[in-house]
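Peer 1: return a 3D structure for these sequence lines:
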Amino acid sequence: MNDPAESLWDPCRINHDVWRQIGVDPSTLTSNIAGFVYLRGFKRCGGHDTPPTYEVDVWSQVSTIDHFEREEAGAEFIPVTIAGRHGLRYRPTSDSTGDQCNLIFPAAHGSYSIVVVRLDPNSPVDPCDRLLEVANIVVPLLPA
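Peer 2: Model (predicted):
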């Protein structure tokens, strides 16, 4: 059976220098998804700074923006334009602490997501502010 993820762009192709530029220690990078090496329909690469303050994940998935809007019913989706690309910013409905912020952009096959999770509750920087800093560097690297 063909895996739709085979044709997806792999976020682990992002150069280690770029990860350093966005504040992620490349030695922490992993492509595992929820403890699995592989999850059908998704590709992920992410890591955190050292010591851990924020985790940054970049995703490529077969799920469309419409799918995420349905799955996250109740979330406020805010239109954004970064590096000339139109997407949506939202906090997942499961995030009761305000420690996560997501961006999603359309892709030729599905969508791309950038996710920032605050790991240190004492960090004063809002995850959505951190996400915009990351996105300004990462979004230009996303395939059309």
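
Peer 1: neighbours of His86, how many?
Peer 2: 11 (other C-beta atoms under 10 Å). Where C-beta positions appear, they are placed from N, C-alpha and C, glycine not excepted.

Peer 1: next, it: secondary structure please.
Peer 2: Here His86 is recorded as strand under DSSP: H, G, I helix; E, B strand; the rest coil.

Peer 1: check Cys12 too.
Peer 2: Cys12 is classified as helix under three-state DSSP.

Peer 1: need phi/psi at the nearest residue to it once chain neighbours are set aside.
Peer 2: Leaving aside its chain neighbours, Cys12 sits nearest to Cys45 (4.0 Å; criterion: C-beta to C-beta, 6 or more residues apart in numbering). Here is the backbone geometry of Cys45 (degrees, to the nearest 10): phi -140, psi 130.

Peer 1: do Pro127 as well
Peer 2: phi -60, psi -30.

Peer 1: just give me the neighbour total for it.
Peer 2: Quick note: Pro127 (other C-beta under 10 Å) scores 23 neighbours.

Peer 1: wait, what's in contact with it?
Peer 2: By C-beta atoms under 8 Å, 6 or more residues apart in numbering, the contact set of Pro127 is Tyr54, Gly98, Asp99, Gln100, Cys101, Val116, Val117, Arg118.

Peer 1: export the residues you listed to JSON lines and tack on neighbour count, distance to Arg85 and pLDDT?
Peer 2: Below are the contacts of Pro127 laid out as JSON lines (neighbours: other C-beta atoms under 10 Å; distance: C-beta to C-beta, whole Å; pLDDT from 0 to 100):
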{"residue": "Tyr54", "neighbour count": "22", "distance to Arg85": "22", "pLDDT": "97"}
{"residue": "Gly98", "neighbour count": "11", "distance to Arg85": "25", "pLDDT": "93"}
{"residue": "Asp99", "neighbour count": "18", "distance to Arg85": "25", "pLDDT": "96"}
{"residue": "Gln100", "neighbour count": "19", "distance to Arg85": "21", "pLDDT": "97"}
{"residue": "Cys101", "neighbour count": "24", "distance to Arg85": "17", "pLDDT": "98"}
{"residue": "Val116", "neighbour count": "27", "distance to Arg85": "17", "pLDDT": "98"}
{"residue": "Val117", "neighbour count": "21", "distance to Arg85": "22", "pLDDT": "97"}
{"residue": "Arg118", "neighbour count": "22", "distance to Arg85": "24", "pLDDT": "98"}
